[in-house]
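Colleague: Kindly generate the corresponding structure for this input.
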Amino acid sequence: MRAKKWAGILAGVVVLALWGVDGQAADKADQGPASPEQNWQVGFTPSYSSGKFGTDTTSTFFYAPLSIRRLFKDGDVTFVIPFVTATSDGRVTLVGGNPVVVQDNRGSNSGSGSSSCEPGEDKPSCLTGRTPGKKTTTAGLGDIILKGRYYVVEEGDFLPLIAVTGRMKLPTASASQGLGTGAFDYGFGVEMSKMLGEKWIAFLDGGYNIIGDPDGLTLQNQHWYDVGAGYYVTRDLLASVYYEEYRAITPGFVNARDVYFAMNYTASAAWRFSGGVTLGLSDGAPDFTLTIGTSYRDRKSTRLNSSHT
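Modeller: Alright, predicted model coming up:
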């Protein structure tokens with residue numbers, strides 16, 4: 001069984017490396033093919049989330065992902081290595097970097113797996129601090145994510161820029177510490193963007209995630225979408241806002257709905273900076289999320305790239 005799982009990982013890595021696909025809502029300022037002079041991008045985008053997520057106890061998460069992106073003419077492939085700190089009573093954990101409820105208010109989710117735990121066993125039903133209302137702070141490596149994107153339609157006078165996307169989540173986070181589910185997840189989707197005049201840009205993204213079922217839990221697959229618009233305050237400063245909705249992966253809970261406000265600044269052809277605030281609109285979403293980030297793109301020459309992307 002274990003051999004089959006790792007065979008699936010290797011197959012997925014090969015497919016993504018050849019296809020160049022991405023996953024969930026991406027950095028809007030990063031949509032569009034890269035300059036042919038740029039091959040690699042390294043980014044760091046920490047975020048802090050707080051909310052009850054449909055439970056009666058507030059949980060908080062600090063998510064600090066280091067991303068390494070290989071840029072191609074028609075797409076990109078990104079490897080995300082996150083560090084996570086979680087303060088929760090065990091009913092909320094991270095799935096692909098997003099806090100979601102996986103237990104009901106009694107601390108249970110009737111799955112087909114066994115709830116018994118062997119010493120050192122790593123599964124959500126062996127969760128540290130699982131008593132409802134009793135919070136525990138844990139920290140460690142999060143779930144590593146491999147994602148990518150391939151542009152299938154170039155933007156024209158009437159056509160938007162269209163990319164197909166995909167992602168694979170590797171269960172590297174500790175499920176027993178509340179840092180992940182301990183299962184593999186896969187996803188695919190579509191990104192679209194279109195400049196409206198010289199200042200405005202519109203976005204529409206959507207996708208579907210296949211959520212793995214860890215021992216002791218029953219989770220459902222997730223569809224998601226976001227729609228929004230951005231405005232170039234200056235040539236290098238983009239302000240954007242968009243609405244997001246993610247299907248709840250635990251049956252019986254409401255979908256996560258939120259509105260996200262972001263600023264992206266292109267300091268040079270190599271350096272970019274970003275910041276954002278997410279405000280929850282439903283019980284399934286965080287009350288708020290604060291995000292800051294920076295990225296660096298290498299260059300083959302010192303000539304500046306004049307494009308917004």
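
Colleague: Now do the buried residues in stretch 193-206.
Modeller: For stretch 193-206, burial by neighbour count (16 or more other CB atoms under 10 Å) applies to 193-195, 201-206. Any C-beta I mention is one placed from the backbone N, CA and C, and that applies to glycine too.

Colleague: try stretch 239-248
Modeller: So for stretch 239-248, counting by 16+ other CB under 10 Å, buried means 240, 242, 244-248.

Colleague: Then stretch 263-274?
Modeller: 263-266, 269-270, 272, 274.

Colleague: same deal with stretch 57-71?
Modeller: Using 16+ other CB under 10 Å as the test for burial, stretch 57-71 gives 57-61, 63, 65, 67, 69-71.

Colleague: Could you single out the nearest of the residues you listed to Ala86?
Modeller: For these, the residue nearest Ala86 by CB to CB is Phe61; the value is 5.3 Å.

Colleague: hang on, that closest one packs against Val95?
Modeller: No. Using CB atoms under 8 Å, Phe61 is not in contact with Val95, being 11.3 Å away.

Colleague: shared neighbours of the two, anything?
Modeller: In terms of CB atoms under 8 Å, 6 or more residues apart in numbering, Phe61 and Val95 are not both contacted by any residue.

Colleague: follow-up on the earlier one: for the buried residues of stretch 193-206, which two are the farthest from each other?
Modeller: The span of those, defined through CB to CB, is set by Met195 and Gly206 at 20.0 Å.

Colleague: tally of neighbours for Gly156?
Modeller: Look at Gly156: counted by other CB atoms under 10 Å, it has 9 neighbours.

Colleague: so it, which of the three states?
Modeller: Under the three-state scheme (DSSP: H, G, I helix; E, B strand; the rest coil), Gly156 adopts coil.

Colleague: List phi and psi for it.
Modeller: Reported as degrees, to the nearest 10, the phi and psi values for Gly156 are phi -130, psi -170.

Colleague: Span of stretch 51-69 from start to end?
Modeller: The straight-line separation of the ends of stretch 51-69 (CA to CA, to the nearest Å) is 31 Å.

Colleague: same question but for stretch 194-204, I mixed them up
Modeller: 9 Å.

Colleague: what does that stretch contact?
Modeller: Contacts for stretch 194-204 (CB under 8 Å, 6+ apart): 28, 31, 155, 159-161, 191-193, 225-232, 238, 240, 242.

Colleague: how about the strands of the stretch 51-200 of the chain, start to end?
Modeller: For the stretch 51-200 of the chain, the strands defined by DSSP state E, counting those that start in this stretch cover 59-72, 75-88, 92-95, 98-101, 136-141, 144-153, 161-170, 185-196, 200-211.

Colleague: Make JSON lines out of these and add distance to Thr289.
Modeller: Below are the strands of the stretch 51-200 of the chain laid out as JSON lines (distance: least, CB to CB, whole Å):
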{"stretch": "strand 59-72", "distance to Thr289": "9"}
{"stretch": "strand 75-88", "distance to Thr289": "14"}
{"stretch": "strand 92-95", "distance to Thr289": "12"}
{"stretch": "strand 98-101", "distance to Thr289": "9"}
{"stretch": "strand 136-141", "distance to Thr289": "18"}
{"stretch": "strand 144-153", "distance to Thr289": "18"}
{"stretch": "strand 161-170", "distance to Thr289": "19"}
{"stretch": "strand 185-196", "distance to Thr289": "20"}
{"stretch": "strand 200-211", "distance to Thr289": "18"}
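
Colleague: right, so these: which one is the most enclosed?
Modeller: Most buried of these, by mean neighbour count (mean count of other CB atoms under 10 Å): strand 92-95, with a mean of 26.

Colleague: Return the distance of that one from the chain's centre.
Modeller: Put simply, strand 92-95 sits 12 Å off its chain's centre (CA atoms, centre = their mean, to the nearest Å).

Colleague: same check, this time on stretch 187-195
Modeller: Between the mean C-alpha location of stretch 187-195 and the chain-wide mean there is a distance of 14 Å, by CA atoms, centre = their mean.
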